[in-house]
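Engineer: Just a sequence and a predicted model for now, questions to come.
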Amino acid sequence: MGRSRPVVVLGAVALLTLSCGDDGHPIVGPPPPAPSPTPTVDTGVVVGAHAGPTQIAFLAAEPAPGSAIAGCGADATGCSGRVRMRFRLLSASGGPVLDAIGFLHATNKIACYRGSTGPLDLQAGAPAEVLIVFDEADAACGMPATITNMKVVLSAPVQTDGRQEWAIRYELGR
């Protein structure tokens, strides 16, 4: 009988320790699910997947994300060139980039718009700002359309390549 008491006490201490959060308050049930990403108020953009050593950051867009763009006609060609965005590239090693290519994808996964920068050289550790004008339209993207995803891909050697995705929203209309 004397031996079973310490085991019960240790079991109770372990149970209480496991049921308290970092602040000492008990945790009741599993934690709530993480909320779905929504565009931030300041930029209207949510950072997504990234690959490669070069960092690609969204800086600004004209018109601003969340905008409704009217007058596109029956397909995306009518709004070609109406969206312009600036990005910051930062490479630790520096090197050549054939081009930075941007894509704006609709809910149907079609890349309605594409734009590119042309060749550039990144300096090691020095940020470079680039402008992408989305002026190449895919006529298969019919109107109206909702843009929900943006991607920038660097066509570059392995030391300066990169890919970054974002959630973004534009409403395109006839």
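Structural biologist: Yes, it's here. The structure displayed is predicted, hence computed values, not measured ones. Numbering: from 1, shown residues only.

Engineer: Show me where the chain dips below the pLDDT cut-off.
Structural biologist: In the predicted model, the chain carries pLDDT under 70 at residues 1-43.

Engineer: Do you have the strands of it handy? List them.
Structural biologist: For the chain, the strands defined by DSSP state E occupy 46-51, 55-62, 68-69, 84-90, 95-97, 99-106, 111-116, 120-122, 128-133, 136-137, 145-155, 162-172.

Engineer: Check what contacts the fourth one and list those residues.
Structural biologist: The set of residues external to strand 84-90 that reach it, using C-beta atoms under 8 Å, 6 or more residues apart in numbering, is 54-62, 97, 100, 102, 122, 125-134, 150, 152, 154, 162. In this view, the C-beta of every residue, glycine as well, is placed from N, C-alpha and C.

Engineer: Just the buried subset of the residues you listed, please.
Structural biologist: Buried members of the contacts of strand 84-90, counted by 16 or more other C-beta atoms under 10 Å: 54, 56, 58, 61, 97, 100, 102, 122, 128, 130, 132-134, 150, 152, 154, 162.

Engineer: picking that back up, tabulate the strands of the chain (JSON lines), appending distance to Ala76.
Structural biologist: Formatted as JSON lines, the strands of the chain follow (distance: least, C-beta to C-beta, whole Å):
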{"stretch": "strand 46-51", "distance to Ala76": "22"}
{"stretch": "strand 55-62", "distance to Ala76": "17"}
{"stretch": "strand 68-69", "distance to Ala76": "10"}
{"stretch": "strand 84-90", "distance to Ala76": "16"}
{"stretch": "strand 95-97", "distance to Ala76": "26"}
{"stretch": "strand 99-106", "distance to Ala76": "8"}
{"stretch": "strand 111-116", "distance to Ala76": "4"}
{"stretch": "strand 120-122", "distance to Ala76": "27"}
{"stretch": "strand 128-133", "distance to Ala76": "14"}
{"stretch": "strand 136-137", "distance to Ala76": "4"}
{"stretch": "strand 145-155", "distance to Ala76": "7"}
{"stretch": "strand 162-172", "distance to Ala76": "7"}
